[in-house]
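Undergrad: Here is the input, now give the coordinates:
(2 chains)
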Amino acid sequence: MSQEPKPSATPSRLDPELTARRDFLGTAATTLACGTCGFALLGSARLPKVAVLPSASKKFKVVLPPSLLPGQPFVPPGRSVAIFKDGDSVHAISTICTHLGCVVKPVESGFDCPCHGSRFAANGDVVRGPAPKALAWLSVSSAGGGAVLVDEGKVVPAGTKVSV
Amino acid sequence: MSGLPTETDGGPALGRFADNLKRIPRRFLETMFRGGRPDSDRGRSNFVFQNVFLHLHSVRTHRWSLKWSTTWGLGMITLGSFLVTVVTGVLLMFYYKPYPDVAYQSIKDIHFVVPTGHFLRNIHRWAANIMVVGVLLHMARVFFTASYRKPREFNWVIGMLLLPVTLGLSFTGYLLPWDQLAYWAITIGANIAQSPREVTDALGITQQFDPGGLQKLILLGSDEVGEEALIRFYLLHVLILPLVLCFLVAVHFWRVRKDGGLARPADVDVRLPPPERRTFPVFTEAPAKTYSLAAVVKSRTPAVGNPPENTVPSMPHLFYAEAAVFMLTIFLCVLLSLFIDAPLKEIANPLVPENPAKAPWYFLGLQELVAHSAFMGGIGIPMITLLGLALIPYLDREKAGTGLWFGGSGGGRLVAMSAAYGLAAVLVVEAVAIRFGWLQQWWPGCPQLLIILLNPGTVLTVLYGIWSVWVVKRFDSTRAGALGLFACFMAGFIVLTVVGTWFRGPNWEFYWSPSQWPGH
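TA: Numbering: from 1, shown residues only, chains lettered A, B, ... in the order given. Next comes the predicted model:
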């Protein structure tokens, strides 16, 4: 900047205003309007996320059949859980595949998934892919009178057995 | 107005009234057409320009755009089949009830009791399938004719949004019958939405950060496929996705017009044969100035800088072509519906999965990849592919071959070579995975992250990537690389889809034919 521009005597009406007051007000108003709409939308976006799971209770009580042999799975009707009883100790394994949620079928060697061929050992460990992790062990407790209370919603560490 | 002295007829008011009454039908017809009935080329052009429904078209259409081999009418087939699904879909809504079990009964009613219900449901289903095929082929056409280039880059990106919306429309419709097929396809779909958990689990951060779980929760409105999921899929299917689609389609068509119609080669006038004897040009010489319509259209339009000799009036030439493709689409839908019924299995049973549980055919290629890693197959690779496709017009800035099939460096021979390479790669990877298994079988207990990074899907993607990089170097052209990559992915998509559809049986085992499936 060697040469200062000469200040003209009478500023033309076409010259830009020194402080773009209208620009500022306009930009501020637009930003506010967009911001308000954005926040309103963002707030409404919470609606589709359910606050309470609408599915039925995951807890159920079941009396194991006395003829149940050790190592033999018992799948209560209408549930996706396999319950094992070995003497006094009882444990439950979820039969929902950890890959894509199909229901695995108890077989001689453990569990087979019909959807993508995952195979699990009797203790739920992955024998063959694509399942990324072992079948979940579920919380079991004694409900008295030979019945057990299973909570499908509560996962416990593998190997947790309960005596009833 | 009646009774004014300007009226042609004199005489008593009652007589004029009777006269006016008699002329109502004719005058009504006249008022329907602004600017008179279109009975000359000029009148028809004016009619297209003034009509709310027709002015989407330009008044005159280039003869190149009307050649069958330019588009094969694929965009129109897609639009036509969409319109068919809208009409049949609205009719089906008269009887369909989106509630578990009741939904199944209502579909049965539609099939067995509702007059024409069986037929309409078939047409709806076939039109949806034709729309998916149409969208894919249309994309391939635009790609292979290099029509995505400047100034059409943005419209190609809109197309990349329309593809997942179309697939989403089809997929959400899949759940509505609430039969075994539907229930288990959606269970798998919802768990694919949850599959980012595969990564967060492997990193051990699912407790703090669980985008997969959130996606599934929002999609299903619950932790399992139930009445909430059905309502949500119904809402998506009949309202949200169609609205999104219409919005995008509006922009898509608008841009086709504003970007100067269909892409055509620079030397198009040389390539076109002389016009038919009965086609009359409007102008006998290059116009001295552009007419008003052309002034608002960018680039090589019928008039800017070029003599408009190679354009013909859109009405009737373009409209006949569009109507012909539309009729063909309807004919196909009806023909297929007469012979092949839309499937309906037994009512959904959340305790017994369908075996094998298969998604709709256009997702079976992905399901083939999902059988190794849910995240990579279901989310990772599709996202990479879509993103890669969307970026093509911004990477390929070349000029040669625009508007020509397999135009640009390499051409048809490169496409054939790449397709062969793509075919070989996918067949080898699939054969290895089917015959010898994959990482999990070779090394039980191998870390999940390694499987996510190294599975048949990612191996294939990398193989294709390497090929395209080599092609870019070999031909010294980005367009050549894009051609190679696209041809590879097409080969991969087709082979994976075929294997998933016909060669996978119970437990997703490989079988040469369904007749070898064990009874179950």
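
Undergrad: Select the longest strand from chain A.
TA: The residue-count maximum for a strand in chain A (DSSP state E) belongs to strand A:147-156.

Undergrad: buried ones in that strand?
TA: Residues of strand A:147-156 classed as buried under the neighbour-count rule (16 or more other CB atoms under 10 Å in any protein chain shown) are A:Val148, A:Leu149, A:Val150, A:Asp151, A:Glu152, A:Val156. Where C-beta positions appear, they are placed from N, C-alpha and C, glycine not excepted.

Undergrad: Just checking: what are the partner strands of the helix or strand that comes right after that strand?
TA: Next helix or strand after strand A:147-156 toward the C-terminus (DSSP states H and E): strand A:162-163. Here strand A:162-163 is paired, per DSSP bridges, with strand A:89-94 (antiparallel).

Undergrad: near chain B, which residues of chain A show up?
TA: Within reach of chain B by CB under 8 Å from any CB of the partner chain, chain A has these residues: A:48-50, A:53-55, A:78-80, A:99-103, A:112-117, A:126-130, A:132-133.

Undergrad: rerun that using 7 Å as the cut-off
TA: Contact residues (CB under 7 Å from any CB of the partner chain) of chain A with chain B: A:48-50, A:53-55, A:78, A:80, A:99-103, A:112, A:114-117, A:128-130, A:132-133.

Undergrad: tell me the SS of the residue nearest to A:Pro114 when sequence neighbours are not counted?
TA: Distances taken as CB to CB, 6 or more residues apart in numbering or on different chains put B:Asn355 closest to A:Pro114, at 3.7 Å, once the chain neighbours are dropped. The three-state assignment at B:Asn355 reads coil, by DSSP: H, G, I helix; E, B strand; the rest coil.

Undergrad: Let me see the contact set for whichever residue of chain A sits closest to chain B.
TA: Using CB to the nearest CB, the single residue of chain A nearest to chain B is A:Gly129, 3.2 Å away. Each residue near A:Gly129 by CB atoms under 7 Å, 6 or more residues apart in numbering or on different chains is listed here: A:Ser118, B:His372, B:Trp438, B:Gln440, B:Gln441.

Undergrad: Could you pull up phi and psi at the fourth one?
TA: Main-chain torsions, B:Gln440, degrees, to the nearest 10: phi -60, psi -30.

Undergrad: residues in contact with it?
TA: Here B:Gln440 is in contact with A:Arg128, A:Gly129, A:Pro130, B:Cys446, B:Ile451 (criterion: CB under 7 Å, 6+ apart).

Undergrad: Now list the buried members of the residues you listed.
TA: Using 16+ other CB under 10 Å as the threshold, A:Arg128, A:Gly129, A:Pro130, B:Ile451 are the buried ones among the contacts of B:Gln440.

Undergrad: Lowest-confidence one in those?
TA: In terms of pLDDT, A:Gly129 ranks lowest among the buried ones among the contacts of B:Gln440, with 75.

Undergrad: which one of the contacts of A:Gly129 is nearest B:Pro343?
TA: A:Ser118 (26.0 Å; CB to CB).

Undergrad: average model confidence for stretch B:19-26?
TA: Averaging pLDDT along stretch B:19-26 gives 93.

Undergrad: same thing with stretch A:71-81?
TA: Average pLDDT, stretch A:71-81: 88.

Undergrad: With pLDDT and distance to B:Arg255 as extra columns, can I get the contacts of A:Gly129 in TSV?
TA: Shown next, in TSV, are the contacts of A:Gly129 (pLDDT from 0 to 100; distance: CB to CB, whole Å):
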residue	pLDDT	distance to B:Arg255
A:Ser118	86	46
B:His372	83	39
B:Trp438	81	44
B:Gln440	75	47
B:Gln441	75	50
